[in-house]
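> Build the 3D model from these lines:
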Amino acid sequence: MAFLDNSGDIILDAVLTDTGRMRLAKGDGSFKITKYALADDEIDYSLYDSSHPSGSAYYDLEILMSPILEAFTNNTSSMKSKLISIPRTNLLYLPVIKLNEMIDASAKMSPDYRAFLCAVDRDSEDVFGYVNNEPRAGILHGENINAGSYCRLDQGLDTTEISPRFTIDHDLVETQYIVEIDNRFGQLVSLKGKSAAVSYIDDDNVASYYLSLATDRDFVRENTERDADIRTQVIDGPRGTLIEFRLRSSLELNTSRYLFDKLGSEATIEVDGTTFSFQYIDSIVRVSGATTGYGVDVPVRFVKVT
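Predicted structure coming up:
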């Protein structure tokens, strides 16, 4: 991976993914580009200078000359901020997705790590899950999935200029979500313990779950709270839908230290006066809206007491 010199014109810099190369190699006509996406991850819009002394032609010159990354195949590292086209011209605000840690104590991240900790087996749940026999915030139980914390994300217009008592326009409501997680580490489950169906696992072992308001009510539902002053909401304006989930640790993390030895690190934690050693792997769960493409990365640390 490297930067491209953008001081001149770059017409096109593209590479095929592993799947694209496989289909092209078949030579049977199955390689056809039918869809594509655009993103602006590398653009710093604060460089736009509307006071440039040379006039409007130079307002965005610094942006246009910024170096950009050369194309690379790892889909988990590229295109986090996808661009969308909306024909309507009367929109002042676009919907966002925000992690809701205010709904209750079980939805909070760990204050010590600013991430959710997923205890991958019962021993780890016993050590991390409780302190002074009280549940510890931000601990996902990877084996006993009916206990512990959970993740909740809310969608809507995050503005105080429009009352949440208004109904969000139907074309701005996220009715489908895409949740991506490294399939080697864990799987998605509902708060009722129902496993989500994997839609696709790519060549990087990233599993994608497509969850719909119409068919996956255990995960996705409407946010019916319309109170403007309630302290359990993170969306200040009109609210759309929400998604809730827990994580089940993979069989490999639950029963083996192999991935922890290969990808993880070691640390210690003191619980009720006793010091425990543990291994951990830092990862993320990416939640994206299928309508707007807005995405949120939820930090997750998988932990195993040694």
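> distance of residue 136 from residue 128?
Distance, residue 136 to residue 128, by C-beta to C-beta, to the nearest Å: 6 Å. Where you see a C-beta, it was placed from the backbone N, CA and C, and this is true even at glycine.
> How about residue 258?
For residue 258, the distance to residue 128 - C-beta to C-beta - is 21 Å.
> Quick check: neighbours of the strand or helix carrying residue 296 in the sheet, parallel or antiparallel?
Element membership of residue 296, judged by DSSP states H and E, is strand 295-305. With DSSP bridges as the test, strand 295-305 is paired with strand 116-119 (parallel), strand 274-289 (antiparallel).
> can you redo the ones you listed as a markdown table with mean pLDDT, mean neighbour count and distance to residue 230?
Output for the strands paired with strand 295-305, formatted as a markdown table (pLDDT from 0 to 100; neighbours: other C-beta atoms under 10 Å; distance: least, C-beta to C-beta, whole Å):
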| stretch | mean pLDDT | mean neighbour count | distance to residue 230 |
| --- | --- | --- | --- |
| strand 116-119 | 96 | 28 | 24 |
| strand 274-289 | 94 | 18 | 23 |
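> thought residue 159 was touching residue 236?
Yes: because the distance of 6.0 Å satisfies C-beta atoms under 8 Å, residue 159 is recorded as touching residue 236.
> on that earlier part again, neighbour-wise, which of residue 136 and residue 128 wins?
Each of residue 136 and residue 128 has its neighbours counted (other C-beta atoms under 10 Å); residue 128 has more, 27 against 19.
> Does residue 35 lie in a helix or a strand, and which?
Short version: residue 35 belongs to no helix or strand, going by DSSP H and E.
> Show me the beta-bridge partners of residue 212.
residue 176.
> contacts for the top helix by length along the chain?
Determined from DSSP state H, the single longest helix within the chain is helix 18-26. Contacts of helix 18-26 with the rest of the structure, by C-beta atoms under 8 Å, 6 or more residues apart in numbering, involve 16, 30, 31, 73, 202, 203.
> What of stretch 133-141?
105-106, 108-111, 113, 115-119, 125, 128-130, 147-151, 246-247, 300.
> re earlier: mind putting the strands paired with strand 295-305 in CSV, distance to residue 251 included?
Listed next are those as CSV, based on distance: least, C-beta to C-beta, whole Å:
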stretch, distance to residue 251
strand 116-119, 14
strand 274-289, 15
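> among those, which is nearest residue 89?
Among the strands paired with strand 295-305, the nearest to residue 89 by C-beta to C-beta is strand 274-289 (21.4 Å).
> and the closest one, how far out from the chain's middle?
14 Å (C-alpha atoms, centre = their mean, to the nearest Å).
> For the stretch 101-250 of the chain, which segments count as strands?
116-119, 130-131, 134-135, 139-141, 151-156, 176-182, 186-189, 200-201, 206-212, 220-222, 239-249 (DSSP state E, counting those that start in this stretch).
> To residue 88, which of these lies closest?
It is, among those and with distance given as C-beta to C-beta, strand 239-249, at 16.3 Å.
> which strands and helices sit next to the closest one?
Using 3 or more C-beta pairs under 8 Å, 6 or more residues apart in numbering; DSSP states H and E, the elements in contact with strand 239-249 are strand 116-119, strand 139-141, strand 151-156, strand 176-182, strand 186-189, strand 220-222.
> among those, which is nearest residue 290?
Of all the helices and strands packed on strand 239-249, strand 176-182 comes closest under C-beta to C-beta, at 3.8 Å.
> Same list (the strands of the stretch 101-250 of the chain) but as CSV, adding distance to residue 65.
Formatted as CSV, the strands of the stretch 101-250 of the chain follow (distance: least, C-beta to C-beta, whole Å):
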stretch, distance to residue 65
strand 116-119, 40
strand 130-131, 53
strand 134-135, 53
strand 139-141, 45
strand 151-156, 36
strand 176-182, 33
strand 186-189, 42
strand 200-201, 38
strand 206-212, 33
strand 220-222, 43
strand 239-249, 38
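> Tell me which of these is the most buried.
strand 116-119 (a mean of 28; mean count of other C-beta atoms under 10 Å).
> which other residues reach it?
109-110, 125, 127-129, 138-143, 148-149, 151, 185-186, 247, 249, 298-304.
> Could you do stretch 146-153 as well?
By C-beta under 8 Å, 6+ apart, stretch 146-153 touches 97-100, 103, 106-108, 116, 119, 125, 129, 135, 137-141, 191, 193, 242-246, 285, 287, 296, 298.
> Low-confidence stretches in this protein?
Across the chain, the ranges flagged by pLDDT under 70 are 1-11, 74-80.
> any idea how it splits into domains?
What automatic domain parsing lists as the domains of the chain is 1-83, 96-305.
> And residue 259, its phi and psi?
Backbone geometry at residue 259, expressed as degrees, to the nearest 10, gives phi -70, psi -30.
> I'd say it and residue 281 touch.
Yes: here residue 259 reaches residue 281: they are 6.6 Å apart, a contact under C-beta under 8 Å.
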